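Novice: need a structure here:
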Amino acid sequence: MTEETRVAWACPKDGATMVQRGRRSGAWRCPQCRGVFIDVDAMRRRRDGRPPVWAPFVMSLMMSVVTTIVMRRLRRRRTQA
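Specialist: Sure, this is the predicted structure:
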């Protein structure tokens, strides 16, 4: 098993080196200003470090189905009034 080495983040407020909170959470905490910052790219990656493959397609399909259902319901409600 290989371990991923990450470069330490500098706090955007005061430039102090931040401490990582958990291995895969993507959250970093600044010891000076006590701010918590989140690494969005780390949240989007899978556990093995690769980008997700099916998640964008499934989300797109779900959003189109929900949008279709909501629009049909709104059209039905408008014609009944």
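
Novice: Going by contacts, tell me the helices and strands next to the longest helix along the chain.
Specialist: Longest helix in the chain, counting residues (DSSP state H): helix 55-80. For helix 55-80, not one helix or strand is in contact under the criterion 3 or more CB pairs under 8 Å, 6 or more residues apart in numbering; DSSP states H and E. For the C-beta atoms, the positions are set from N, CA and C on the backbone; glycine is no exception.

Novice: what's the neighbour count on the residue nearest to Arg45 when sequence neighbours are not counted?
Specialist: Nearest residue to Arg45 in three dimensions, chain neighbours excluded: Pro51, at 6.2 Å (CB to CB, 6 or more residues apart in numbering). Neighbours of Pro51 under the rule other CB atoms under 10 Å: 10.

Novice: What separation is there between Pro51 and Arg44?
Specialist: Going from Pro51 to Arg44 by CB to CB, to the nearest Å gives 7 Å.

Novice: One more: Val70?
Specialist: Distance from Val70 to Arg44, by CB to CB: 27 Å.

Novice: Just give me the neighbour total for Met18.
Specialist: By other CB under 10 Å, the residues close to Met18 number 20.

Novice: any idea what the closest residue to it other than its chain neighbours is structurally, helix, strand or coil?
Specialist: Among residues not flanking Met18 along the chain, Trp28 sits closest, at 4.1 Å (CB to CB, 6+ apart). Put simply, Trp28 is strand when judged by DSSP: H, G, I helix; E, B strand; the rest coil.

Novice: when you give positions from now on, start the count at 278
Specialist: Right, with 278 as the first residue, what we last looked at is Trp305.
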